[in-house]
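the sequence and its predicted three-dimensional model are supplied below.
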Amino acid sequence: MTGPEESPCRILVMASGFGSNFQALIDAISTGQLRNSRIISLITNRRNAHAIVRADKAGIPWDYFNLISNGFLRKGETDEQKVAEGRQRYDAALAARVLSTDKERPELIILAGWMHVFSGAFLEPIERAKIRIINIHPALPREFDGAMAIERAFEEFKAGRLTRTGIMAHYVIDEVDRGAPIVVKEIEFRKGEELEEFKERMHFHEHELIVKATAKVAQEIVEGRGT
Ligand SMILES: Nc1nc2c(c(=O)[nH]1)N[C@@H](CN(C=O)c1ccc(C(=O)N[C@@H](CCC(=O)O)C(=O)O)cc1)CN2
Ligand SMILES: NCC(=O)N[C@@H]1O[C@H](COP(=O)([O-])[O-])[C@@H](O)[C@H]1O
């Protein structure tokens, strides 16, 4: 995929939790399945994220940056304006960390279970720097936007109102989960399957899809350098 003269696409992964999608990318790169990509670092907003353990094992630098523990918002703050202002300042500071000149700059940011909704304070400077952002989401386009999508779809299936759901990788825009789809896969429910079994099946397919989507976008980036 990547010619000998082309260096791999520099990828920053952002993850808040278990990191199995992050691990799928690590494994795909290390086995040579994903030749046009290189993960330069991980950012997490949860100190107990297992993604940190995965980064350490893979020798990938990581950064912990949290809305509250880094002082942008007081724990338990309920004033809506203060919450909005604190999130904006956090987002701006996070973008500044991504763009800081004392570290390698990513060409692609992959949200792999990143559980913080970005405002324009993050999205705009990243867009100005021509860095693309993609996200993996366990639902079909325009269905079950937001968190807990798997559980909500499963409830609809149990209620007899849904026979299939799906997963997708999409570009990230201000409107949550409404960016242009990159790769989409429908996944049928199975009669008698319980939630945990279904979640495992969904994650299995996600791990394939995130590699496929990354390969596609990374190739566009590598081939588009200098144009
Ligand atoms: N501006 C955008 N930001 C983010 C997007 C996006 O498409 N546009 N994708 C999400 C990922 N995501 C779904 O795919 C998602 C993650 C988290 C939430 C959410 O409700 N977060 C809450 C906090 C939840 C928690 O901390 O457990 C919040 O941010 O207040 C919705 C959707 C990533 N960001
Ligand atoms: N709305 C975003 C969202 O729900 N993302 C989902 O979080 C999980 C992270 O798993 P992981 O930490 O094992 O990769 C994945 O299922 C991903 O699609």
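Nice, thanks for sending it over. Ligands and ions are numbered 1, 2, ... in the order given.

so whatever residue of the chain ends up closest to ligand 2: helix, strand or coil?
The minimum distance from the chain to ligand 2, using C-beta to the nearest ligand atom, falls at Gly113 (2.6 Å). Any C-beta I mention is one placed from the backbone N, CA and C, and that applies to glycine too. State at Gly113, reduced to three classes by DSSP: H, G, I helix; E, B strand; the rest coil: coil.

so how many other residues sit close to it?
Gly113 has 22 neighbours, counted by other C-beta atoms under 10 Å.

pLDDT value on Gly3, please?
Predicted confidence (pLDDT) for Gly3: 60.

isn't Asp145 up against Ala139?
Yes. At 7.2 Å, Asp145 and Ala139 qualify as touching, with contact defined as C-beta atoms under 8 Å.

between those two, which is the more surrounded one?
Set Asp145 next to Ala139 and count neighbours by other C-beta under 10 Å: Ala139 wins out with 21 against 14.

ok so the more buried one is a helix residue?
No. Looking at Ala139 with three-state DSSP, it is coil, so not inside a helix.

ranges for the strands of this protein?
Ranges of strands in the chain, per DSSP state E, are 9-14, 37-44, 62-64, 108-111, 132-137, 164-171, 181-188.

is ligand 2 contacted by the shortest one?
No. In terms of C-beta under 6 Å from any ligand atom, no part of strand 62-64 sits within range of ligand 2; the closest distance is 14.0 Å.

what do you get for stretch 150-165?
No. Using C-beta under 6 Å from any ligand atom, stretch 150-165 stays clear of ligand 2, with a minimum separation of 6.7 Å.

now do the end-to-end distance for that stretch.
8 Å (C-alpha to C-alpha, to the nearest Å).

need the residues of the chain near ligand 2, please.
15, 17-22, 112-113, 136-138, 147, 149, 203, 206.

so which elements touch the helix ranked longest in the chain?
Using DSSP state H, we find that the single longest helix of the chain is helix 195-224. Under the contact criterion of 3 or more C-beta pairs under 8 Å, 6 or more residues apart in numbering; DSSP states H and E, helix 195-224 touches strand 9-14, helix 20-30, strand 37-44, strand 108-111, strand 132-137, helix 149-158, strand 164-171, strand 181-188.

got any residues that touch both of Asp145 and Ala139?
Common neighbours of Asp145 and Ala139, using C-beta atoms under 8 Å, 6 or more residues apart in numbering, are Asp177.

may I have the beta-bridge partners of Ile39?
Ile11 (DSSP bridges).

test my guess that it contacts Ile29.
Yes. Contact status for Ile39 versus Ile29: in contact at 6.7 Å, counting by C-beta under 8 Å.

the two: which is more packed in?
Using other C-beta under 10 Å, the more surrounded residue of Ile39 and Ile29 is Ile39, with 24 against 20.

contacting residues for that one?
Contacts of Ile39 (C-beta under 8 Å, 6+ apart): Ile11, Leu12, Val13, Leu25, Ile26, Ile29, Ala58, Ile60.

and those, which is closest to Leu94?
Leu12 (10.9 Å; C-beta to C-beta).

burial measure for the closest residue in space to Lys75 that isn't next to it in sequence, as a count.
Spatial nearest neighbour of Lys75, chain neighbours left out: Ile68 (5.2 Å); criterion: C-beta to C-beta, 6 or more residues apart in numbering. Residues lying near Ile68 (other C-beta under 10 Å) number 14.
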